[in-house]
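# sequence plus predicted model, see below.
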Amino acid sequence: MIVTEASRQLLEDCGVDSDRLSLEWASAAEAPRFVELITGYVSKIRDKGPLGSSDGEVSRDTIKRRLAAAVKAAGARKPRTLLGNLAKKLSKSGDYSKEAIANGVKAKVLPAMRSERISHELRILLSEAPLDMKSLCTQTGASAEELEKIMAPLVKKGLISQKKGKIALVAGE
Amino acid sequence: MAKENAVEKEKEMTQEGFDPKILGFFCHWCCYAAADSAGVSRYQYPPNVRVIRVMCTGRIDARFVVEAFRCGADGVFTGG
Amino acid sequence: MEGLEGKPGQFTAKVFQEPRYINEDLCTACGMCTMYCPRPVVDTYNERLEITRAPHIDYAQAIPSSYYIDAKACLRVNFETCNLCAQTCTAGAIDFSQKPKRLELEVGAVVLTPGFGRVDAAVLEKYGYGKYPDVVTAFEFERLTCASGPTEGHIVRPSDNKTPKKIAFLQCIGSRDETCGNGYCSSVCCMYAIKEASVAKEHEPDLDVSIFFMDVRTMGKGFDEARRRAQEKYGINVIRARVPRVDQVDGRLALTWTSDDGNHHSGIFDMVVLSVGLESPEDAQILSEIADIELNHYNFCSTRVDAPLSTSRDGVFVAGAFQGPKDIPESVTQASGVAAIASELLAEARNSKTVSITYPEENKALEEQEPRIGIFVCHCGVNIAGVVDVKAVRDYAASLPGVVLYEDPLYSCSQDALKSIAEKIKKNNLNRVVIAACSPRTHEPLFQETLRSVGLNPALVEMANIRDQCAWVHAQEPDAATEKAKDLVRMAAAKARLLTPLEQPTVDVTPGALVLGGGAAGMSAALSIAEQGYNVVLVEKSSQLGGNLRRLTWTLDGENAKAVLKELISRVDAHPGIEVITDSTVESISGYVGNFTSTIATGKKTRLVNHGVTVIATGAREYKPKSYGYGESPRIVTQLELEEKLARGKSFLKNARNIVMIQCVGSRGDDMSHCSRLCCTQAVKNALKLKELKPDCNIYIFYRDMRTYGFYEDAYREARRKGIVFLRYSPDKRPEVVKQSRGIKVRAFDRLLGEDIEIPANLVVLSAGIAPGDNQELSKILKAPLTSDGFFLEAHAKLRPVEIAVDGVYLCGLAHGPKSLEESVAQAKAAAAKATIPLAKGKVAVAPIVSRVDQDACIGCGICESLCPFNAIRLSKVGKRKKAQTITASCKGCGICASHCPTLAISMGGFTDEAIMAQIHAFSGQECSEG
């Protein structure tokens, strides 16, 4: 449930309508319930239309790029450690309420996932062409301040360079 | 690639009946068994879901969900 | 069998064996002999609807999967000419030197399972069979609807090979018919007619199908529901009438009948199907003499209600239709039950002649090579191929990377197909196999076994579920289903490429059973397991053993129920291997097959019991009526309450003139949707008892369908003969119980008179059905699914009727569904037979789907340890650092550890990250490359 919630928030962060991800329960004995759930879900997605066309979703291309970065973010050690620790904490407290999970993920896990996502997305974008700060912000959905913060260690490591307002990958990267 | 996607999307959007692509992650003991049992009872439901069987929904990693959407899923149904 | 001498444990059976003229060990079932044989013979397996040749095999899945020669037809055998088959057989399997053999077999027990015999042709002639070609038996019709039958499933009229438009099924042909000596009900024909009608409608949606019933007897578990669905979905006409004869008019078939409102009707049909009953085997008399056993008055094997699988001779047992007409689930159940009884008798000899299977050594070099995948897309007869374009899926599979072989077997799980798959794996050096067929939940072990038999690790097979989750559920959308099947095959192949060999760990089994419920079923199961040499803990929630049997005085066939109860209890009490714990319930059960640990609560005390297997026998209860004024008058009682009154004496009947019984109170949609199976016979039994005690009273029974199946039909006939009045009502016109100041009246619609009648009743007896017990709690504890009616759901109605989906847990008695005492006892024995399998083996294999920790990547954070629901992963010191390690026997493979590991150090056997990612990529088809 915690992983699903983290996935949900990560999807939202990428501009995906998180209702597209569904978590339901049907026991082995509940075939009629299963049929009801699956039928309802398919018609819900049918109404939403293709990915990128639902309310509040960004364009399909942007979504796909962000998702590519998000997959890397979801596999990164820092957000995973935070997620694991949150799961540990919740299992100790025994509080598996929706609110506790959603708030916990939002406070403890999402920020790290988001910056990992942006960090990876940045590199995907720059691998195609150098960009200025403004278009990077539009593309990633991050604020300039956020981006500066994320870029700082990358610049320090010499992975990206900042010249005349253009940000580029350092060759070889 | 981007252009192709746009064309493809255009095609989908203008299509009368949009047929969503949905990926399911079903728990072997619960939802997958319920789905088998629905078959045995010959219940009918829409053919849009492709299923990946896992031993438990606990197996589902955030990477799987995100990757599914990246790979063109319009929805991901996890069934425990 | 020509003779049987000796005693239980030491019989000598004389057996006569006819020659097959084909050596089973050499025959490869290639079919060349059939092809070249010049001698046509009628194909009896296909009900004489087709021609085969003297050398043949009855059907593709036949065991042994070897051909045989029909000695009566063969030219070589009779005239010493021809010999063509022997010359064409490349395997050299044909052997005309074979002679009839007389064998003397030393055996400890004998089980008689000769099946059923056919209704005499003379009986069928009355209905034009043999005279009019379009009158067929239901067995013939079954072959016509079968995809592997003579017409490949096309329904045609024998007279002109054209598709009929109107078909009539006539029920009770050779059953419930004293004129042919078969007074009993054959029990299975109502349901098989509905099944055949449904299959026919599926094939020919425009077909008009009528079934002529006397009563619709679909009393099996889930049958009423299936009948209702068939009626609704296919629009099958249900007509309640017995058609006396069939005539031919202008090349078509004319039927006339009288409905129960007294009106006459007639109709013209293209085809008439005779739903023929099940007779005792033709040689029943001879068999009874040879085996020295008694037959009943219908020439079926005679058995007692408390020992339904024992013949009159000790050590000789019976199962299946020879014991009485019955369907497949019951026959399979009895077969398991009889195995338990034989095992009880021969407990000491167990494992004295064991041969263990040896598998060829795993071909690791082959497994390590680049994937060479073989894909088998199964037709499953018409189950898959009727919807999905199997050949198109097979051809599509050919285009997938790594695929070197692609085929489409008719039934991939049949013995011959498995053999052929094994051969093909070897021949093509396959190291990965994809089976696109049914569910891996039911069939993966079978294909894993096939891989093992050719030296491949069983983990190298992957299944695509194109039946249960595709063809069956998208029957109306063949194109979409075919596309889905292709996608599923592509995803399975993608996973198959990344499968790796897995180790097969085994764990020891605790040699004891926990039986839940101390009724007739629970006690019978406990006794059988204990007799076979294993300890049993029997838990009963009430203060005494007996369950519902305590409330019975007479069994359905009039035997003394109290004596049966007493005998069972005293045997349980006396058995040193059985510990009875009363006033107790199960609080929790943890573990898995072979190693369960349960908490038994007795009052406030609890204790732990370790056991290898669990048997559910928690029973059910009499439904408490909510209508017909029940509870408002002492003169309105249930059948069980009546029986208790009768047991105390007849004084309460002193002034009884009219007694009314109402059937289906609670059952069949009144409150519960299922048929309670027993109430009809119970009502007849009690009505006869009432007549015996007070011959001058009038008894009226309002019913929907009298379901006195099998030999219980005798009692129904006797009841009618004794003047008990049976009146049918339909669910929209139920009888009403009207209380007046001076008594009770029952008002009901009389179909024959066409008006309401009123009967002043001194006693109203409600045939309250059987309601499930409080199964929810136990269902949760055991993770054992329930049916929509609230009874426990077996793993498979026909193949695994006494097992549930959870390994090591078995099911019997009323907890499974309504059934008679004798059926409960047989089922309890069956559950005991299944439960002793892991106990006798002593070891069970653990599924190799456990987690594995990459010690280099693990950082010892302990998240997995604290999240594992089974305590199956622990941190321990490895060198200087702490590392996580899996406890294989406890791990259930749920994968919570893997999905939460910060460093992706944990991988799941058979479900690795890479494999799942590959499936996701394959899901997307072409558009998605690896990110």
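Great, that's in hand. Every value quoted in this text rests on a predicted model; they were computed, and no experiment measured them. Numbers count the residues shown, from 1 in each chain, chains lettered A, B, ... in the order given.
# can you check what pLDDT the model gives whatever residue of chain C ends up closest to chain B?
In chain C, the residue that lies nearest chain B is residue C:895 (2.9 Å; C-beta to the nearest C-beta). For every residue, glycine as well, the C-beta is placed using N, CA and C. pLDDT recorded at residue C:895 is 95.
# okay, and for chain B, where does confidence drop off?
B:1-16 (pLDDT under 70).
# please, where are all the strands along it?
B:22-27, B:49-54, B:75-79 (DSSP state E).
# mind putting the ones you listed in CSV, mean neighbour count and distance to residue A:67 included?
What follows is those, written out as CSV (neighbours: other C-beta atoms under 10 Å in any protein chain shown; distance: least, C-beta to C-beta, whole Å):
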stretch, mean neighbour count, distance to residue A:67
strand B:22-27, 26, 13
strand B:49-54, 25, 18
strand B:75-79, 25, 12
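# reformat those strands as TSV; add distance to residue A:51.
Shown next, in TSV, are the strands of chain B (distance: least, C-beta to C-beta, whole Å):
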stretch	distance to residue A:51
strand B:22-27	11
strand B:49-54	15
strand B:75-79	8
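# output stretch C:774-794 as PDB - backbone C-alpha positions only.
C-alpha atoms of stretch C:774-794 as PDB (Å, rounded to 0.1, in the frame of the first residue of the first chain):
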ATOM      1  CA  ASP C 774     -20.300 -19.600  10.100                       C
ATOM      2  CA  ASN C 775     -17.500 -20.200   7.700                       C
ATOM      3  CA  GLN C 776     -16.300 -16.600   7.300                       C
ATOM      4  CA  GLU C 777     -13.900 -16.700  10.200                       C
ATOM      5  CA  LEU C 778     -12.300 -20.000   9.300                       C
ATOM      6  CA  SER C 779     -12.200 -19.000   5.700                       C
ATOM      7  CA  LYS C 780     -10.100 -16.000   6.700                       C
ATOM      8  CA  ILE C 781      -7.800 -18.000   9.100                       C
ATOM      9  CA  LEU C 782      -7.100 -20.600   6.400                       C
ATOM     10  CA  LYS C 783      -7.300 -18.300   3.400                       C
ATOM     11  CA  ALA C 784      -9.800 -20.800   2.100                       C
ATOM     12  CA  PRO C 785     -12.200 -19.400  -0.400                       C
ATOM     13  CA  LEU C 786     -16.000 -19.800   0.000                       C
ATOM     14  CA  THR C 787     -18.600 -20.200  -2.700                       C
ATOM     15  CA  SER C 788     -21.200 -17.400  -3.200                       C
ATOM     16  CA  ASP C 789     -23.500 -19.600  -1.100                       C
ATOM     17  CA  GLY C 790     -21.100 -19.600   1.800                       C
ATOM     18  CA  PHE C 791     -19.800 -23.200   1.600                       C
ATOM     19  CA  PHE C 792     -16.100 -23.900   1.200                       C
ATOM     20  CA  LEU C 793     -14.900 -24.000  -2.400                       C
ATOM     21  CA  GLU C 794     -13.000 -27.000  -3.600                       C
END
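# contacts for it next, please.
Residues outside stretch C:774-794 that contact it (C-beta atoms under 8 Å, 6 or more residues apart in numbering or on different chains): A:27-30, A:32, B:29, B:33, B:37, C:221-222, C:225, C:516, C:586-589, C:614, C:616, C:618, C:620, C:672-674, C:771-772, C:800-806, C:809, C:811, C:815-817.
# mind listing what's buried along that stretch?
C:775, C:778-779, C:781-787, C:789-794 (16 or more other C-beta atoms under 10 Å in any protein chain shown).
# chain center to that stretch: distance?
Relative to its parent chain, stretch C:774-794 has a centroid offset of 18 Å by C-alpha atoms, centre = their mean, to the nearest Å.
# where do the helices sit along chain B?
Under the criterion DSSP state H, chain B contains helices at B:2-14, B:31-40, B:62-70.
# make CSV from the strands of chain B and add distance to chain A to it.
Below are the strands of chain B laid out as CSV (distance: least, C-beta to the nearest C-beta, whole Å):
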stretch, distance to chain A
strand B:22-27, 6
strand B:49-54, 6
strand B:75-79, 4
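# sorry, back to before: quickly name whichever of the buried residues of stretch C:774-794 is closest to residue C:502.
Proximity of the buried residues of stretch C:774-794 to residue C:502 (C-beta to C-beta) peaks at residue C:783, which lies at 24.2 Å.
# give me phi/psi at the closest one?
phi 50, psi 40 (degrees, to the nearest 10).
# tell me the SS of the residue nearest to residue C:626 when sequence neighbours are not counted?
Counting by C-beta to C-beta, 6 or more residues apart in numbering or on different chains, the nearest residue to residue C:626 once its immediate chain neighbours are dropped is residue C:671, at 6.4 Å. Following DSSP: H, G, I helix; E, B strand; the rest coil, the label given to residue C:671 is coil.
# so which of the contacts of stretch C:774-794 sit within strands?
Per DSSP E, the contacts of stretch C:774-794 map to strands at C:516, C:586, C:587, C:588, C:589, C:614, C:616, C:620, C:771, C:772, C:809, C:811.
# would you reformat those as CSV and include neighbour count, pLDDT and distance to chain A?
Listed next are these as CSV, based on neighbours: other C-beta atoms under 10 Å in any protein chain shown; pLDDT from 0 to 100; distance: C-beta to the nearest C-beta, whole Å:
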residue, neighbour count, pLDDT, distance to chain A
C:516, 28, 98, 18
C:586, 20, 95, 19
C:587, 12, 93, 20
C:588, 13, 91, 18
C:589, 22, 89, 17
C:614, 24, 97, 17
C:616, 28, 98, 14
C:620, 25, 97, 17
C:771, 21, 97, 18
C:772, 24, 97, 12
C:809, 25, 94, 13
C:811, 30, 98, 13
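# what subset of these is also close to chain B?
Among the ones in strands among the contacts of stretch C:774-794, no residue sits close to chain B (C-beta under 8 Å from any C-beta of the partner chain).
# in those, find the pair that's most separated.
C:588 and C:771 (25.7 Å).
# wait, what's in contact with residue A:151?
Per C-beta under 8 Å, 6+ apart, neighbours of residue A:151: A:122, A:160, A:162, A:167.
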